[in-house]
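Chemist: Sequence and predicted model, in that order:
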Amino acid sequence: MVQEVKGQKEFARRRKQFLRMVGEGNIAVIASANIVHRNSDVEYPFRQDSDFFYLSGFDEPDAVQVFVPGRKQGEYLLFCREFDKTTALWVGGNAGLEGAMSDYNADDAFPMDDIDDILPGLMENKNRLYFPMGAHPNFDQQLMDWSQEVRNRARTGVSAPAEFISTDHLIHEMRLIKSSQEIRQIKKAAKISVEAHKRAMQCTRPGAFEYQVEAEIKHCFMTKGAQFEAYPAIVGGGKNGCILHYTQNNAVLNDGDLLLIDAGCEWDKYASDITRTFPVNGVFSEAQKALYQCVLDAQYAAIEQVKPGNHWNDPHEAAVKVLTKGLVKLGLLTGRVSTLIKNEAYKPYYMHRTGHWLGMDVHDVGDYKIDKQWRLLEPGMVLTVEPGLYIQPDALEVDEKWRGIGIRIEDDVLVTSKGCEVLTDTAPKEIKAIEALMRRSTIA
Ligand code: GLY
Ligand code: MN
Ligand code: MN
């Protein structure tokens, strides 16, 4: 017996839209993710391919979806593993062919072992073959081989697809605008991650190790039912906060340093992505306060810009402006703000962009530009807003007091019809709120 399958109505709606976009006379083929071995008999945890899951809710490896718009005997076919009693005994049950139809609403289902015999036939006389080009290179090659097989039979009067087109644009534009169900899932992920960040603030102490704080975060994710992190947590004390993708998380936390934590869980295939930076000992120093407030002001200015009709780059531009002004005010940069921005003088201290789309993938799909222009924000889009300042330990050009301070503040933001909703702002980020939470902490 498989678990009751949630959200099948929504998956069916997505498939209908997708079938319409692929259009009669064409075919689309999408492969699942596969099991990856860590070593000998040990596997990495399986995570389904997001596009595959988006159209099916089917959470098994070794499966292929085929969409044949207008096919009388069924437009949505699923190749998958057959139900197998021994597998069920060792690793648990799978849907099997019957489940693929009854629980996942495939019009027809076939064993994966038969795909070589069946798929070329389905490709016959189709004009276009849509597939997620480059996502699974081995599978791309198989598709080319099957197409060739059809082409080899040209003398029998059949033709092979003449055009190969990526499904990315079709599916990713759908994924970019989140449904209310998806927004609920992202909100749930956000809520758990907020709890985890609060817990991290409460249990951080000088002398603890970064991995001990990481453990508290993971504990919170898992006890609340989020099985996966959306990405490996960054828990960087002091100068480690200046390493953008620091994941060693094995250093001791020093009194007087800041701790930068970038961590978010995945809930039911939806990601959250939060960064908070706070003092290891619970109290910001004057220098830390000054830089932190600058980043926080930049974040507020960027969030202000998240509204329908504004373009993707507006929040980034707002953040850069506030950060550059702040760096001048604090003496880390000198010159006219407009010139410094034009010359990107802030880049040694702010070298990344202010956000990315968020959804099933933490760096989610969707184009940022259309016809070479930044795209306009629309209700239902979800993005992160995450400015930072990173003063490297060897930044000899600035006063010593700033060196080795790394700060990022990151929230998840939904574009609404009126403006935006910050989904993660219950994780404290005001200086006073952080210090108050850490003071109140009763966690040993
Ligand atoms: N956690 C990855 C990022 O913030 O983009
Ligand atoms: Mn992010
Ligand atoms: Mn992040």
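Modeler: The structure has been received and is ready for your questions. Ligands and ions are numbered 1, 2, ... in the order given.
Chemist: per-residue confidence at the nearest residue to K329 once chain neighbours are set aside?
Modeler: In space, and not counting its chain neighbours, K329 is closest to C294: 7.9 Å by CB to CB, 6 or more residues apart in numbering. For the C-beta atoms, the positions are set from N, CA and C on the backbone; glycine is no exception. Listed pLDDT for C294 reads 98.
Chemist: Ok, the one 3 residues further on next?
Modeler: If you check D297, the pLDDT there is 98.
Chemist: so what's it up against?
Modeler: Contact partners of D297, counting by CB atoms under 8 Å, 6 or more residues apart in numbering, are V322, G326.
Chemist: roughly how far apart are it and I303?
Modeler: 11 Å (CB to CB, to the nearest Å).
Chemist: Can you point out the helix or strand that includes the residue nearest to K329?
Modeler: In the assignment (DSSP states H and E), C294 maps to helix 286-304.
Chemist: likewise R199?
Modeler: Here R199 is assigned to helix 180-203, by DSSP H and E.
Chemist: Report the buried residues of that helix.
Modeler: 182-183, 185-203 (16 or more other CB atoms under 10 Å).
Chemist: what about it and ligand 2, touching?
Modeler: No - using CB under 5 Å from the ion, we find that helix 180-203 stays clear of ligand 2, coming within 11.7 Å at best.
Chemist: now the next helix or strand after that helix against helix 180-203, angle please.
Modeler: For helix 180-203, the succeeding helix or strand toward the C-terminus, using DSSP H and E, is helix 210-223. For helix 210-223 against helix 180-203, the angle by axes from the mean of the first three to the mean of the last three CA atoms, to 10 degrees is 140 degrees.
Chemist: send the alpha carbons of helix 210-223 over as CSV?
Modeler: Extracted in CSV, the C-alpha atoms of helix 210-223 (Å, rounded to 0.1, in the frame of the first residue of the first chain):
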residue,chain,number,x,y,z
GLU,A,210,30.0,25.8,15.1
TYR,A,211,28.8,22.2,14.5
GLN,A,212,27.1,22.2,17.9
VAL,A,213,24.9,25.1,16.8
GLU,A,214,24.4,23.4,13.5
ALA,A,215,23.2,20.3,15.4
GLU,A,216,20.5,22.4,17.1
ILE,A,217,19.3,23.7,13.8
LYS,A,218,19.1,20.2,12.3
HIS,A,219,17.4,18.9,15.4
CYS,A,220,14.8,21.5,15.0
PHE,A,221,14.2,20.8,11.3
MET,A,222,13.9,17.1,11.9
THR,A,223,11.7,17.2,15.1
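Chemist: Can you tell me the strand partners of the helix or strand just after it and which way each runs?
Modeler: Next helix or strand after helix 210-223 toward the C-terminus (DSSP H and E): strand 228-229. Here strand 228-229 is paired, per DSSP bridges, with strand 265-267 (antiparallel).
Chemist: Could you tell me the average pLDDT over the strand it pairs with, please?
Modeler: 98.
Chemist: In terms of secondary structure, what does the next helix or strand after it contact?
Modeler: Downstream of strand 265-267, the first helix or strand assigned by DSSP H and E is strand 270-271. Counting contacts by 3 or more CB pairs under 8 Å, 6 or more residues apart in numbering; DSSP states H and E, strand 270-271 is packed against helix 180-203.
Chemist: State the mean pLDDT of the helix it packs on.
Modeler: Rounded mean pLDDT across helix 180-203 is 98.
Chemist: Does anything pack onto it? Which helices or strands?
Modeler: By 3+ CB pairs under 8 Å, 6+ apart, helix 180-203 packs against helix 210-223, strand 258-263, strand 265-267, strand 270-271, strand 274-279, strand 411-415, helix 431-440.
Chemist: Setting aside sequence neighbours, what's the nearest residue to Y292?
Modeler: I407 (5.5 Å).
Chemist: Adjacent strands (with direction) for the helix or strand the one you found falls within?
Modeler: Per DSSP H and E: I407 is located in strand 405-408. Note on strand 405-408: by DSSP bridges, its sheet partners are strand 388-391 (antiparallel).
Chemist: How about the partner strand and ligand 2, any contact?
Modeler: No - Strand 388-391 stays clear of ligand 2 (CB under 5 Å from the ion), getting no nearer than 10.4 Å.
Chemist: Residues contacting that strand, please?
Modeler: The contact list for strand 388-391 (CB under 8 Å, 6+ apart) reads 241-242, 244, 275, 291, 294-295, 323, 327, 332, 349-352, 398, 402-409.
Chemist: just the buried members of those?
Modeler: 241-242, 275, 291, 294-295, 323, 327, 332, 349-350, 398, 402-409.
Chemist: quick one, what contacts the residue positioned nearest the centre of the chain?
Modeler: Central residue of the chain (CA atoms, centre = their mean): V362, 1.2 Å from the mean position. By CB under 8 Å, 6+ apart, V362 lies in contact with A230, Y231, G264, A271, D273, H356.
Chemist: Put the alpha carbons of the helix or strand bottoming out on mean pLDDT in the chain into PDB.
Modeler: Least confident helix or strand, the chain: helix 85-91 with a mean of 88, by mean pLDDT, DSSP states H and E. What follows is helix 85-91, C-alpha atoms only, in PDB (Å, rounded to 0.1, in the frame of the first residue of the first chain):
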ATOM      1  CA  LYS A  85       7.800  -8.000  -2.800                       C
ATOM      2  CA  THR A  86      11.500  -8.400  -2.000                       C
ATOM      3  CA  THR A  87      12.200  -4.700  -2.400                       C
ATOM      4  CA  ALA A  88       9.100  -4.000  -0.200                       C
ATOM      5  CA  LEU A  89      10.700  -6.200   2.500                       C
ATOM      6  CA  TRP A  90      14.100  -4.500   2.300                       C
ATOM      7  CA  VAL A  91      13.400  -0.900   1.700                       C
END
